[in-house]
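> dropping the sequence and predicted coords here.
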Amino acid sequence: MYVGTQVAARDDEDFKVWAQLGVKNINADPPGKPESWTFEDFERHRDKVESFGLVLDMVQLPLPSRPIEQASYPDILLAGPERDRQIDAVCTMIENIARAGIPAAKYNLNLIGIPRTEMERGRGGSLNEAWRWDKADHDAAPGLAGVLSEDENWERIDYFLERVVPVAASNKVRLACHPHDPYTPPGYKGVTRVLGTVEGLKKFVQMRENPYHGLNFCQGSIGEMLDNPREEIDDIIRWFGSRDKIFNVHFRNISGGKLSFMETFPDEGDMDMVRSLKLYHELGYRYMIMPDHVPTIAGRDAVGVAFAFCYGYIAALIEALDNKHL
């Protein structure tokens, strides 16, 4: 396993910085609208990434974490009239990703985005994302998806997987799906978020089971599903890791748990991230360990500095593990 990043490069200087920091493996998308990406776009993008001495480990399919109203291919989850055409477009994209020599793609199956309440103060006065159910609008109106039953939600996901997983397998592209972030009570905004629980994620990876069908394992999002993240997370990592269902790790920590948490830097939250990394290592995990979200800090390059801290933290832990110092 090795440190990685999914931060969008602001310009070529960011690619240089990652190379200089030793963040060699990255998730990065070609320029332009995702639905317009062609094989040539992926190939040019891979060549550009490699010109900086980096490796393009993963790209994102046009199925983002944003609300369905902002999706490139909304009919996939809305079961709309363009569903089959949009799934075909995703399948073609997977084939093009494989032709370009890119081994993995991440994606989301998200209807209502990433709900959060107001930001809160963290270490040293940083501003951190938070979710407090007691401060949320429990009666928030449904969005474009309307009121959707849990069974219908699963049926739409299965319809997608039935078509897409065989294409990924035949092209040897690992598909890494992100959990729903955060857990929300059943029926919130009209939807029961089936990938917002551990049991839902277990069901998901066993549907259309295939070695190329797994998770973008966001440890922060999974911690948000748990009453006691510190004590519960190990068994969850072990369950998915022992089945080779972890294709990427978002190495994020939180303070709190189910329905009440604040995001933190990896070294300060409630989960023991050193223990977690040792467990990924013991399970034979072999892909990227990357920061996810970071707190908003002060300074002239707040984003760059916050992520650089996380890269260094992860790289140091991996080196200590590799040299048997942990």
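Perfect, thanks for sending it.
> make it CA atoms for all contacts and neighbour counts henceforth
Noted.
> please name the bridge partners of the nearest residue to Val205 once chain neighbours are set aside.
Closest residue in space to Val205, ignoring its immediate chain neighbours: Gly214 at 5.8 Å, by C-alpha to C-alpha, 6 or more residues apart in numbering. For Gly214, the beta-bridge partners are Ala176 (DSSP bridges).
> for Gly214, give me its contacts.
Taking C-alpha atoms under 8 Å, 6 or more residues apart in numbering, we find Gly214 in contact with Arg174, Leu175, Ala176, Cys177, Val205, Asp244, Lys245, Ile246, Phe247.
> mind checking pLDDT for it?
For Gly214, the pLDDT comes out at 99.
> go on, Ile297?
Taking Ile297 on its own, its pLDDT is 99.
> also Lys245?
Lys245 is assigned a predicted lDDT (pLDDT) of 99.
> these two touch, right, it and Glu209?
No - Lys245 is beyond contact range of Glu209, at 10.0 Å (criterion: C-alpha atoms under 8 Å).
> and those two? Which one has more around it.
Lys245 (26 against 16; other C-alpha atoms under 10 Å).
> measure Lys48 to Pro31 for me?
From Lys48 across to Pro31, the span is 11 Å (C-alpha to C-alpha, to the nearest Å).
> could you pull out the strands for the stretch 1-150 of the chain?
Using DSSP state E, counting those that start in this stretch, the strands of the stretch 1-150 of the chain run over 2-5, 25-27, 55-60, 104-107, 117-121, 127-132.
> tabulate these (a markdown table), appending mean neighbour count.
A markdown table is the format used below for the strands of the stretch 1-150 of the chain (neighbours: other C-alpha atoms under 10 Å):
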| stretch | mean neighbour count |
| --- | --- |
| strand 2-5 | 23 |
| strand 25-27 | 23 |
| strand 55-60 | 22 |
| strand 104-107 | 22 |
| strand 117-121 | 15 |
| strand 127-132 | 21 |
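> and Asp267, which of those is closest to it?
Closest to Asp267 of these is strand 127-132 (C-alpha to C-alpha; 14.3 Å).
> that closest one to strand 117-121, inter-axis angle?
Between strand 127-132 and strand 117-121, the angle comes out at 130 degrees (axes from the mean of the first three to the mean of the last three C-alpha atoms, to 10 degrees).
> elements contacting strand 127-132?
Strand 127-132 is packed against strand 117-121, strand 260-264, with contacts defined by 3 or more C-alpha pairs under 8 Å, 6 or more residues apart in numbering; DSSP states H and E.
> can you add mean pLDDT and distance to Ala298 and give those strands back as CSV?
CSV is the format used below for those (pLDDT from 0 to 100; distance: least, C-alpha to C-alpha, whole Å):
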stretch, mean pLDDT, distance to Ala298
strand 117-121, 99, 12
strand 260-264, 99, 15
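> any chance of those in a markdown table, with distance to Trp131 too?
Converted to a markdown table, those look like this (distance: least, C-alpha to C-alpha, whole Å):
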| stretch | distance to Trp131 |
| --- | --- |
| strand 117-121 | 5 |
| strand 260-264 | 6 |
